[in-house]
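Chemist: Need a 3D model of the following:
(chains A and B)
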Protein chains: 2
Amino acid sequence: MSTPKIVRTKKELQTHVQRWHRAGQKVGLVPTMGALHHGHLSLVDYIAHSVDKIIATIFVNPTQFGAGEDLDSYPRQEKQDLEALSRTACDLVFIPDASEIYPDGFSTTVSLSGITEILEGAKRPGHFDGVATVVTKLLLMSRCNVAVFGEKDYQQLAVIKQVTKDLDLPVTILGAPLIREKDGLAASSRNAYLSEKERAIAAHLNQVLKECVTLIHTGTPLREAERIARQSLLDIGFESIDYITIVDPTSLKQLDSVTDINTARLLAVARLGRVRLLDNMPV
Amino acid sequence: MSTPKIVRTKKELQTHVQRWHRAGQKVGLVPTMGALHHGHLSLVDYIAHSVDKIIATIFVNPTQFGAGEDLDSYPRQEKQDLEALSRTACDLVFIPDASEIYPDGFSTTVSLSGITEILEGAKRPGHFDGVATVVTKLLLMSRCNVAVFGEKDYQQLAVIKQVTKDLDLPVTILGAPLIREKDGLAASSRNAYLSEKERAIAAHLNQVLKECVTLIHTGTPLREAERIARQSLLDIGFESIDYITIVDPTSLKQLDSVTDINTARLLAVARLGRVRLLDNMPV
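Modeler: Numbering: from 1, shown residues only, chains lettered A, B, ... in the order given. Here you go, the predicted model:
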C-alpha cells in the first residue's frame, strides 16, 4: 500500500491504462463521488481479487443532481480521500474537472426506460440518465476491464448492469456487498447529515428490514409484510417512508407472490430530517 | 477477393474479432442497412487503407424508422449484397436478427441534443436517437478500431462523430466521400424508387448545388445563394425543397456570413415523388 498516483486528465489516465494493458494487466475501476467512507474502500478491496491494477475515480457528477438537491453542499474532501485510498490497493486516482468530462459542445445522454422511472427514479427525475451517461463515459474513457459498484445503491447497480448489457460495453460489472456500521446502518456519505438523535433512530431501519424478511419467510403475504414494516418504521420515529418494497432484482418490478421469493430483493428508503436513508437486502 | 464469412450472432462476431486482435490486427467496421450499391462498396475500399480486417454489417435498424416511413418496404436483398461484398476486401459480414441487437428487456437509448433536432432530425423525429443507439452498439459489440460512414448522409456522419467523442467510444470514425452516378446523382438505395422521368430530373440536384457554391465564391450573400438554388430546383421540376442551407460542418448550425466559408458545407434535400433526395458538398 502506498500513495496512489493522481491524474486529472483523460489523456494521462489513458497513458497509464495503455501501459498496463500492453503488459497484459487487467484494469479495474472504482467510480466514486468522493467523501470516501469504509463502504467505498471495501469496493477497492472487493475488485482487487479480479484485476491487476485499480483506478478510483472521484467526480461529483453535476448531471445526476436535480434542482434543489445537494450538489453544492455535497461533501468534497480530496485530501482525506487520497489518504484513505493510500491505505488500499488503489494504484491510480482519476480526479477530473467537469470540463474534462463534459467539454464544450457535449450533447449526448444515455437514458433507460422502465427501470429508471420507478423507486429512486420516480423521486429523482433525470437522476439515472445522469448516472448512466457518466458511468458509460467513465467505463469507456478508462478502457477498464472490470468495474465495481456497491449494492448499497441497488437500483443504480441494476441500471449500470442494464446499460452495460444493452450497449455491449466491454466491461464486467461487479456488485459489492453493502457495508454497515456496527449498529447495522448502511454506510453512506450522507449519514454525516444526521443529528445524534436521528442517528440513533436510523440504526433501526436495518433491523426492521430483517424482521420483514423473517415475516416473508414465515408466510406473510408480501403486501402485508411491507405494510407491517412501514408502520414499524413510523412508530420508531422515521418521519416518512418513500418506499418499502419487494422486487425482482433485475427489473426492480414489484413482486406479487412468494413463488418468486428465491430471487427477490427488499428495498427501502426512509426519511429522517433532511436525509433519505437507503437500505436493501436479499429476501 | 473471395466470399466473406457470414456470422449472425454477437458471439460469433466477437470470436473472429478477438482472434484478429490477438494477432495484432486492426479491425474496421462498415455498418450498412444492406441494399448495397457502389456507394457502400466504396466504403469498404476506403477503410481498407486503415485496417487489416474488414467487417460489413447488414442490419435494417427498426428504431431509426418513424411511423409511416419505409421500414417494411426498405429493400432487402441479402444474396445480391453478399455477391457484391465478395468482390471487395470485406472479410466478414455480420447479419444479425433484430433480437440479437435488441434482446428482451433492452431499454437503453443514446440521444443527442442540438444537432439531432435540426434538418433531417426536424423532419424525422427520433431518427437520430435510433441511429446513435444502434451505431454505439455496433461499434462496441464488434470491438472494432475504425469505422467508416459515407458523407452522403452528412448529418448522420456528424451525429456519429459527436456521440463517439462524447461517450469516448474507443473507435476512430472516418467519413468517406460521397459517390455519384455518372450524371452526378448521389448514389442511394432509395434511388430505385424513382420513375424514369423523375430520375432525369434528379440529376440536376447536384448541378444546382455546384452552381450555388460558385455563387457563394463570387460573393453572393449566403441567404441569397440559397434562395436562388431553391428556385432553380423548383423550376427544374422538383416537387418541394425540404432545405438547402450552408452550415458549420460540425454543429450543422446555419452560417450567416462568408467569413466562415472555409469550413462550410452546403446541404440540401429535395423531393421527387415519394423520394427525398439528399446531397451535399463542401463550399
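Chemist: who in chain A is up against chain B?
Modeler: Applying Cβ under 8 Å from any Cβ of the partner chain, one finds that chain A approaches chain B through A:10, A:105-115, A:132, A:136-137, A:140-141, A:143, A:162-163, A:166-170, A:250-251. Where you see a C-beta, it was placed from the backbone N, CA and C, and this is true even at glycine.
Chemist: count of residues packed around A:I244?
Modeler: Residues near A:I244, counting by other Cβ atoms under 10 Å in any protein chain shown, number 23.
Chemist: Correct me if wrong: it contacts A:R265.
Modeler: No - using Cβ atoms under 8 Å as the test, A:I244 is too far from A:R265 to be in contact (11.9 Å).
Chemist: where exactly do the strands run in the stretch 151-283 of chain A?
Modeler: A:172-176, A:240-247, A:265-272, A:275-282 (DSSP state E, counting those that start in this stretch).
Chemist: can I get these in TSV with mean pLDDT and distance to A:D52?
Modeler: Output for the strands of the stretch 151-283 of chain A, formatted as TSV (pLDDT from 0 to 100; distance: least, Cβ to Cβ, whole Å):
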stretch	mean pLDDT	distance to A:D52
strand A:172-176	98	14
strand A:240-247	96	36
strand A:265-272	97	32
strand A:275-282	96	31
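Chemist: Tell me which of those strands sits most buried.
Modeler: strand A:265-272 (a mean of 22; mean count of other Cβ atoms under 10 Å in any protein chain shown).
Chemist: what does it rub up against?
Modeler: A:119-120, A:123, A:154-155, A:194, A:198, A:201-202, A:205, A:209, A:212-213, A:216, A:229, A:233, A:237-249, A:252, A:276-283 (Cβ atoms under 8 Å, 6 or more residues apart in numbering or on different chains).
Chemist: Provide the strand pairings for it, with the direction of each partner.
Modeler: As defined by DSSP bridges, the strand partners of strand A:265-272 come to strand A:240-247 (antiparallel), strand A:275-282 (antiparallel).
Chemist: what about A:I54, which SS state?
Modeler: Three-state assignment for A:I54 (DSSP: H, G, I helix; E, B strand; the rest coil): strand.
Chemist: go on, A:T57?
Modeler: A:T57 - assigned by three-state DSSP - is strand.
Chemist: you'd agree it is up against A:G28?
Modeler: No - if you go by Cβ under 8 Å, A:T57 and A:G28 don't touch, sitting 11.4 Å apart.
Chemist: between the two, who's got more neighbours?
Modeler: A:G28 (29 against 25).
Chemist: now the more buried one, nearest residue through space, not along the chain?
Modeler: Once flanking residues are discounted, A:G28 sits nearest to A:V51: 3.4 Å by Cβ to Cβ, 6 or more residues apart in numbering or on different chains.
Chemist: Pull the contacting residues for A:K152.
Modeler: Counted by Cβ under 8 Å, 6+ apart, A:K152 has contacts A:39, A:178-179, A:186-188, A:278, A:280.
Chemist: Narrow the residues of chain A next to chain B to those that are buried.
Modeler: A:10, A:106-112, A:115, A:132, A:136-137, A:140-141, A:143, A:162-163, A:166-170 (16 or more other Cβ atoms under 10 Å in any protein chain shown).
Chemist: And for A:D72, the neighbour number?
Modeler: 8.
Chemist: so it, which of the three states?
Modeler: Applying three-state DSSP: A:D72 is coil.
Chemist: Now do the contacts for it.
Modeler: By Cβ under 8 Å, 6+ apart, A:D72 has no neighbours at all.
Chemist: How much space separates the residue nearest to A:G28 from A:I58?
Modeler: Taking Cβ to Cβ, to the nearest Å as the measure, A:V51 falls 19 Å from A:I58.
Chemist: Could you report the neighbour count for A:G68?
Modeler: Neighbours around A:G68, by other Cβ under 10 Å: 6.
Chemist: whoops, I mixed them up, A:D256
Modeler: 11.
Chemist: pLDDT wise, what is it at?
Modeler: Reported pLDDT at A:D256 in the predicted model: 86.
Chemist: Repeat that for A:T259.
Modeler: In this prediction A:T259 is given a pLDDT of 67.
Chemist: tell me the contacts of the closest residue to A:P177 other than its chain neighbours?
Modeler: Sequence neighbours aside, A:E151 is the residue nearest to A:P177 in space, at 5.8 Å (criterion: Cβ to Cβ, 6+ apart). By Cβ under 8 Å, 6+ apart, the contact list for A:E151 reads A:157, A:175-178, A:280.
Chemist: what helix or strand does the residue nearest to A:G28 sit in?
Modeler: Element membership for A:V51, per DSSP states H and E: none, as it lies in no helix or strand.
Chemist: Please name the residues that touch it.
Modeler: Neighbours of A:V51 in contact, by Cβ under 8 Å, 6+ apart: A:25-28, A:145-146.
Chemist: and the gap between it and A:L139?
Modeler: 14 Å.
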